[in-house]
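>>> Here is my input, please return the structure:
(chains A and B)
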Amino acid sequence: DAGVIQSPRHEVTEMGQEVTLRCKPISGHDYLFWYRQTMMRGLELLIYFNNNVPIDDSGMPEDRFSAKMPNASFSTLKIQPSEPRDSAVYFCASTPWGQGVSGANVLTFGAGSRLTVL
Amino acid sequence: AQSVTQLGSHVSVSEGALVLLRCNYSSSVPPYLFWYVQYPNQGLQLLLKYTSAATLVKGINGFEAEFKKSETSFHLTKPSAHMSDAAEYFCAVSATNFGNEKLTFGTGTRLTIIP
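Down below sits the predicted model:
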């Protein structure tokens, strides 16, 4: 198993540009989570999906952020327009259905996408 | 709602010394608790988890944690620190009821090992 795959690993862009981060979860994992990590705020949950359906997006900072999961093997996090304060490492993580229901989520994280907005 | 508080954003110990990283939780329902480790430029990896079976949980790399309900704590320990333990450690909590599967992380503790 290749694990959770995120792309790009690094992205440098200018303020106002659109940014799209991509995630491929582990096959068979029904839950997918997007987290953002910064020095100031630590790890913040942005949104999570169950069976491709968004369950909780209360952590999405504002309307500039959107996330989709068109199928079980792919998710995107889009920022449009991007701002310097969006600079962070964005992590995608997944976990299987059974663990999700029982609550004992063992998340498998991707390596992260480091975003720098100039 | 669930939350965790990690006491000490930075901890330094000598190689071979005891490692103790503190975590206190708050949860309105019986919690599941986790410790994750993050090495530089990598994602988080699970060290160990508490799921109400045994209160003393053993994880990878010689780490263990004890769930103490009376103290609402889940401190992480390792008897003898190794240089390879230098990393950032995160405590996390999730609820045990359906619909509250999300993990809430603490702010992390950076562990430095002194040769």
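>>> Show me the residue at the heart of chain B, geometrically.
The centroid of chain B falls nearest to B:Trp35 when counting by Cα atoms, centre = their mean (3.2 Å).
>>> How many residues are close by whichever residue of chain B sits closest to chain A?
Residue of chain B nearest chain A, by Cβ to the nearest Cβ: B:Gly43 (3.2 Å). (Each C-beta comes from the backbone N, C-alpha and C, glycine too.) When neighbours are counted by other Cβ atoms under 10 Å in any protein chain shown, B:Gly43 registers 22.
>>> for the one 4 residues further on, same thing?
Per other Cβ under 10 Å, the neighbour tally for B:Leu47 reads 23.
>>> got the phi/psi numbers for it?
phi -90, psi -50 (degrees, to the nearest 10).
>>> do the same with B:Ser84
Per degrees, to the nearest 10, the backbone of B:Ser84 is at phi -70, psi -10.
>>> in stretch B:65-79, what counts as buried?
By neighbour count on 16 or more other Cβ atoms under 10 Å in any protein chain shown, the buried set for stretch B:65-79 is B:65, B:67, B:73-76, B:78.
>>> Check whether that stretch comes into contact with chain A.
No - figure legend: stretch B:65-79 not in contact with chain A (Cβ under 8 Å from any Cβ of the partner chain); closest approach 13.2 Å.
>>> pLDDT on that stretch, on average?
Stretch B:65-79 carries an average pLDDT of 95.
>>> and what of stretch A:40-58?
90.
>>> Then stretch A:67-77?
What stretch A:67-77 shows for mean pLDDT is 96.
>>> do stretch A:88-96 as well
Mean predicted confidence for stretch A:88-96 is 93.
>>> quick check, it touching chain B?
Yes - under the criterion of Cβ under 8 Å from any Cβ, chain B is reached by stretch A:88-96 at A:91, A:93.
>>> Could you pull out the buried residues of that stretch?
By neighbour count on 16+ other Cβ under 10 Å, the buried set for stretch A:88-96 is A:88-96.
>>> Next: stretch B:22-33.
B:22-25, B:27, B:31-33.
>>> distance between the ends of it?
By Cα to Cα, to the nearest Å, the extent of stretch B:22-33 from end to end equals 13 Å.
>>> hmm, stretch B:21-34 in reach of chain A?
Yes - using Cβ under 8 Å from any Cβ, we find that stretch B:21-34 touches chain A at B:32, B:34.
>>> Now find how far off-centre that stretch is within its chain.
10 Å (Cα atoms, centre = their mean, to the nearest Å).
>>> avg pLDDT for it?
89.
>>> Skipping its backbone neighbours, what lies nearest B:Ser12 in space?
Closest residue to B:Ser12 apart from its sequence neighbours, by Cβ to Cβ, 6 or more residues apart in numbering or on different chains: B:Thr112 at 4.4 Å.
>>> right, and the one you found touches B:Ser9 too?
No - under the criterion of Cβ atoms under 8 Å, B:Thr112 is not in contact with B:Ser9, lying 11.5 Å apart.
>>> who touches both of the two?
Common contact partners of B:Thr112 and B:Ser9 (Cβ atoms under 8 Å, 6 or more residues apart in numbering or on different chains): none.
>>> how close does A:Tyr31 get to B:Ala65?
With distances taken as Cβ to Cβ, to the nearest Å, A:Tyr31 is found 24 Å from B:Ala65.
>>> What is the nearest of the buried residues of stretch A:88-96 to A:His10?
The nearest member of the buried residues of stretch A:88-96 to A:His10, counting by Cβ to Cβ, is A:Val89 at 9.8 Å.
>>> packing partners for the helix or strand that that closest one is a member of?
Per DSSP states H and E: A:Val89 is located in strand A:88-95. Packing partners of strand A:88-95 (3 or more Cβ pairs under 8 Å, 6 or more residues apart in numbering or on different chains; DSSP states H and E): strand A:5-7, strand A:19-24, strand A:31-38, strand A:74-79, strand A:108-109, strand A:113-117.
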